[in-house]
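Peer 1: compute the structure for the input listed below.
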Amino acid sequence: MWRDAGYVDALSSVRRCVLLDHRGHGRSEQPPLAQAHTMERYAADVVDVLDDLAIERTAFWGYSQGGEIGLALAALHPSRIVALISTGVISSPDRRANSAEDTDGIRAIRHGGWAGFLDPAALSSMPAWFQRQVQATNPEMLALWFEAYADWNPWDRLSQMAIPILMFVGELEDPEHWNSRAAELAPNARLFALQVSTIWEPTSDPTWSCRSPRNSSTALDLPSSFRAEPFVNLDHLCPNGGTRRRPRYVRGRFEPAPLMP
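Peer 2: This next block holds a predicted model:
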């Protein structure tokens, strides 16, 4: 997804990009129990990858669920992250309402799969690569995450996150301005809202999402932390040398796969 959207081509020219298939996605295994899908476990998986690659500290970019994992990484392992970009709307600060919505989501997924959870018409309007990403993902993995997420509350931890945080969100996907409220709670957070329904919706300037941190730092005033460290998000590894390595979740931990041309 990150390659198809143009991010890797832009970023890999100026920094090392580490993208991983987190558990339940891509080439990683699909643990069938909710306790394997907690935010604590997801964040620890990222740390496992950093340890395997001998990366002490990193900047992190996550979309949707990946953004939540980034917040968990900042909260639980602050010594390993220097800056965070989250893309997409944060979960509701009303935890009771959020839990009820997740319960409805679990029911919809288990009754009708992706078609029961996502509006097919809305999905069909998204880029083809985004549709492929959704269709290639087992919806049960999302249902299990919803189950485990009931015990996690990022809102209680935002005020303790001292790292620079940049939140990207489509204005129409955040009508109640949750990201704006979240950015006010985190000491060094900024919000960048686009006038689109979701962050992946095509805009009049399709290159906005493909600019490297070096080029976009002027427009968005990104702190230097975003440009000084390796960059982690959720799919595969793409070093500057053009090789690729895909960390996979296997038998309870992430294991780097052999380098591939």
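
Peer 1: quick one: Ala59 and Ala83 touch, right?
Peer 2: Yes - if you go by Cβ atoms under 8 Å, Ala59 and Ala83 touch, sitting 4.3 Å apart. Where you see a C-beta, it was placed from the backbone N, CA and C, and this is true even at glycine.

Peer 1: tell me which residues touch Leu33, please.
Peer 2: Leu144 (Cβ atoms under 8 Å, 6 or more residues apart in numbering).

Peer 1: and it, what pLDDT?
Peer 2: What the model reports for Leu33 is a pLDDT of 96.

Peer 1: helix or strand for Leu191, which one?
Peer 2: strand 189-194 (DSSP states H and E).

Peer 1: check the gap between Asn138 and Trp114 for me.
Peer 2: The gap separating Asn138 from Trp114 is 10 Å, by Cβ to Cβ, to the nearest Å.

Peer 1: more neighbours, the two?
Peer 2: Trp114 (17 against 14; other Cβ atoms under 10 Å).

Peer 1: ok, now which ones touch the nearest residue to that one once chain neighbours are set aside?
Peer 2: Leaving aside its sequence neighbours, Trp114 sits nearest to Pro139 (Cβ to Cβ, 6 or more residues apart in numbering; 5.1 Å). Counting by Cβ under 8 Å, 6+ apart, Pro139 touches Ile109, Gly113, Trp114, Phe117.

Peer 1: make CSV out of those residues and add secondary structure and distance to Ala34.
Peer 2: Below are these laid out as CSV (DSSP: H, G, I helix; E, B strand; the rest coil; distance: Cβ to Cβ, whole Å):
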residue, secondary structure, distance to Ala34
Ile109, helix, 13
Gly113, helix, 18
Trp114, helix, 19
Phe117, helix, 17
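
Peer 1: of the residues you listed, keep whichever come out buried.
Peer 2: Ile109, Trp114, Phe117 (16 or more other Cβ atoms under 10 Å).

Peer 1: want to throw those residues into TSV with distance to Ala43 and pLDDT?
Peer 2: Output for the buried ones among the contacts of Pro139, formatted as TSV (distance: Cβ to Cβ, whole Å; pLDDT from 0 to 100):
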residue	distance to Ala43	pLDDT
Ile109	23	96
Trp114	26	95
Phe117	24	93
